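>>> no sequence on this one, just coordinates:
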């Protein structure tokens with residue numbers, strides 16, 4: 001396949017493309033996300049995108065939040081943006097959620113081009129796949145799965161919102177929230193998110209089902225489609241599913257325990273409605289960003305629990321962010337293995353690769369350093385605000401969750417820049433970002449080992 005641009009010879013363009021592919025895949029992904037954020041900001045800055053006009057900083061923050069599928073907002077999406085602006089946000093969510101390189105792969109496939117090894121490597125890096133295979137088949141399945149689930153979610157939620165809002169507004173409302181939920185974005189069209197439907201079973205089940213499925217990861221979903229039995233799944237899929245279930249059920253029980261009598265949250269609902277709201281609050285921090293309870297009204301234990309869940313996030317190669325459930329499980333298994341005096345962590349009759357343990361530890365350490373530095377800067381720039389509120393905002397930004405205790409719009413421009421950097425770093429991934437800044441090299445020198453006292 002040859003490319004042609006007026007004024008530029010095809011051979012010269014092909015040479016430039018070859019040179020571009022020499023950069024590491026994470027670096028190309030980071031640049032792609034930056035370009036998409038800037039383009040999205042320019043589109044949202046247009047007069048046609050908002051009713052009263054947005055400043056460029058507001059447009060940039062909204063675009064960054066949409067591309068990184070976070071959901072933190074400085075303007076209300078439903079009232080401040082026009083239909084055109086909402087469509088731009090939805091496109092940015094789709095591109096950021098499914099991944100720039102997934103869409104690039106689909107484009108190349110549509111043009112009839114063949115993938116080379118480097119392009120397959122780039123898509124694998126974008127989707128965090130560890131096993132080789134036909135990327136085009138995976139990408140096609142991913143796109144079909146995403147579209148099918150979003151349309152199914154739209155159809156189910158329209159049963160509630162079409163009678164309430166009318167046909168076209170109800171359909172758009174349903175489609176917007178279905179796309180936002182599956183991509184773990186957390187953008188909504190109401191200033192109070194989904195609090196009006198805190199006790200509605202259908203809305204709770206559909207929205208939480210979409211962001212849980214979207215947050216499992218495409219490799220887990222493809223594995224489930226092929227194997228259909230838990231016993232035959234890969235170790236990665238088993239750890240992700242087990243970790244997701246433990247975190248969701250454990251958080252659900254703890255939220256009900258902490259908030260059952262709190263008049264600002266569960267205590268304001270009827271007894272039969274409280275489990276629904278508690279469930280949604282427990283699973284939303286896996287980077288969904290929707291809320292059915294007033295987040296600012298949560299007690300301190302619940303707030304700290306949600307911060308931990310936001311830091312962990314969802315599954316690898318999913319629409320969610322955070323350090324990832326599988327990373328958390330590997331660190332837990334490695335800790336258990338060390339305490340038991342074993343040399344290698346294991347689970348379900350399989351040993352975890354040593355490289356995966358090093359990678360998991362690296363991700364956790366880098367993530368902690370990033371989020372702590374971000375929180376430190378937030379405290380420096382906003383000393384008048386509560387520490388817990390600022391830390392919650394920092395964890396939410398890094399985990400690309402979108403939950404807030406109501407201070408996002410109050411933050412100064414420097415603090416908003418910190419949040420944008422945290423959102424970007426959280427979406428690209430700490431390890432990928434580190435590879436982007438310093439390309440790893442293989443060292444052939446081996447040093448003599450020596451013990452170091454730890455602990």
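In hand now; what should we look at? Because the structure is predicted, anything quoted here is derived from the model rather than measured.
>>> Could you point out which residue ranges in the chain have low pLDDT?
Applying pLDDT under 70 to the chain picks out residues 1-26, 99-138, 430-443, 455.
>>> residue closest to the middle of it?
Residue closest to the average C-alpha location in the chain (Cα atoms, centre = their mean): residue 320, at 2.7 Å.
>>> Can you give me every residue that contacts it?
Contact analysis of residue 320 by Cβ atoms under 8 Å, 6 or more residues apart in numbering lists 184, 211, 214-215, 286-288, 313-314, 400. For glycine as for every other residue, the C-beta is placed from the backbone atoms N, C-alpha and C.
>>> Leaving out chain neighbours, which residue sits closest to it?
residue 314 (2.5 Å; Cβ to Cβ, 6 or more residues apart in numbering).
>>> coming back round to it: the residue nearest to the centre of the chain and residue 304, how far apart?
Residue 320 sits 20 Å away from residue 304, going by Cβ to Cβ, to the nearest Å.
>>> Next: residue 49.
Counting by Cβ to Cβ, the gap from residue 49 to residue 304 is 37 Å.
>>> if you count what's nearby, which of these two comes out ahead?
Comparing residue 49 with residue 304 by other Cβ atoms under 10 Å, the one with more neighbours is residue 49, at 24 against 16.
>>> Wait, that one touches residue 42, no?
No - between residue 49 and residue 42 there is no contact under Cβ atoms under 8 Å: 9.7 Å.
>>> Could you list the buried residues of the longest helix along the chain?
For the chain, the helix reaching the highest residue count under DSSP state H is reported as helix 135-165. Buried residues in helix 135-165, counted by 16 or more other Cβ atoms under 10 Å: 135-136, 138-139, 142-143, 145-146, 149-150, 153-154, 156-158, 160-162.
>>> So which residues of the stretch 301-450 of the chain form helices?
325-339, 354-381, 387-398, 413-428, 430-437 (DSSP state H, counting those that start in this stretch).
>>> now for the longest one, which elements pack on it?
With contacts defined as 3 or more Cβ pairs under 8 Å, 6 or more residues apart in numbering; DSSP states H and E, helix 354-381 has these neighbours: helix 325-339, helix 387-398, helix 413-428, helix 430-437.
>>> any idea where the helices of the stretch 151-300 of the chain begin and end?
Under DSSP H, counting those that start in this stretch, the stretch 151-300 of the chain gives helices at 167-182, 201-214, 218-227, 235-259, 274-283, 300-312.
>>> Need those helices in TSV (columns: distance to residue 93).
What follows is the helices of the stretch 151-300 of the chain, written out as TSV (distance: least, Cβ to Cβ, whole Å):
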stretch	distance to residue 93
helix 167-182	6
helix 201-214	11
helix 218-227	17
helix 235-259	22
helix 274-283	19
helix 300-312	18
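>>> Pick the most deeply packed of those.
helix 274-283 (a mean of 23; mean count of other Cβ atoms under 10 Å).
>>> tell me the angle it makes with helix 300-312.
Going by axes from the mean of the first three to the mean of the last three Cα atoms, to 10 degrees, helix 274-283 is angled at 40 degrees with respect to helix 300-312.
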